[in-house]
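In: Predicted coordinates and the sequence they were generated for:
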Amino acid sequence: MAGIEAIIRPMDELDAEIVRLLQTDARLSNRELARRLGVAPSTCLERVRALARRGVIRGYHADIDLQALGRGVQALVSLQVRPLSRTVIDRIQGDVAGMPEVLSVFVVAGGDDLVLHVAVPDLDHLHAFLLERLSRRPEIGGFRTSVIFQHVRSTVLERLGDPA
């Protein structure tokens with residue numbers, strides 16, 4: 001039962017500040033993180049490890065400029081799957097997640113079944129991706145594409161307060 005309690009234990013102010021600081025700069029050393037928090041390095045290290053064990057901290061990632069990688073065109077591609085079944089959705093999700101153009105795959109509710117976030121060098125490559133990779137799949141009943149002109153992303157997330 002202690003494992004479940006550790007997972008659902010709410011974050012206190014120290015945990016929240018650790019998460020905030022690491023989201024701002026994941027390269028902070030434990031010593032620097034402890035200094036900013038005003039706690040002992042051993043306390044800080046144990047708190048970070050506990051946050052990782054609880055799944056609050058899932059990893060550390062580099063923020064990459066897609067333009068610098070030659071992938072300056074981004075789009076959201078909404079897919080409709082036929083026949084609609086968990087097996088078909090799971091198979092398509094796995095297949096498209098492995099495509100180099102695809103950054104993210106979302107399984108959604110509503111008129112669409114999946115939404116892909118893709119990044120390619122130019123509109124010709126996007127067109128080729130849609131025609132050669134997606135439209136040839138018989139289980140994809142249709143798709144819509146929205147080109148992304150600008151992408152703004154929050155890099156520091158905090159827990160939302162309980163609804164009043």
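Out: Perfect, I can see it now.
In: And the pLDDT for the residue nearest to the spatial centre of the chain?
Out: The chain has residue 104 as the residue nearest its centroid, 6.9 Å off, counting by Cα atoms, centre = their mean. Reported pLDDT at residue 104 in the predicted model: 96.
In: Am I right that it falls within a helix?
Out: No: Residue 104 sits outside any helix when classified using DSSP: H, G, I helix; E, B strand; the rest coil, being strand.
In: wait, what's in contact with it?
Out: With Cβ atoms under 8 Å, 6 or more residues apart in numbering as the criterion, the residues that contact residue 104 are 116-117. No exception for glycine: its C-beta is placed from N, CA and C like everyone else's.
In: Could you do residue 31 as well?
Out: For residue 31, the contact set (Cβ under 8 Å, 6+ apart) comprises residue 41.
In: Buried by neighbour count: which residues of the host helix or strand of it qualify?
Out: Counting by DSSP states H and E, the element that carries residue 31 is helix 30-37. Buried residues in helix 30-37, counted by 16 or more other Cβ atoms under 10 Å: 33-34, 37.
In: tell me which of these is nearest to residue 150?
Out: residue 33 (32.5 Å; Cβ to Cβ).
In: which ones are touching that closest one?
Out: Residue 33 sits next to 18, 21-22, 44, 48 when contact means Cβ under 8 Å, 6+ apart.
In: and the nearest residue to residue 101 once chain neighbours are set aside, what are its bridge partners?
Out: Setting aside the residues directly before and after it, residue 101 is nearest to residue 118 in space (Cβ to Cβ, 6 or more residues apart in numbering), at 4.7 Å. Taking DSSP bridges as the rule, residue 118 bridges to residue 75, residue 102.
In: so where's the chain uncertain?
Out: Counting by pLDDT under 70, the chain shows low-confidence ranges at 1-9, 160-164.
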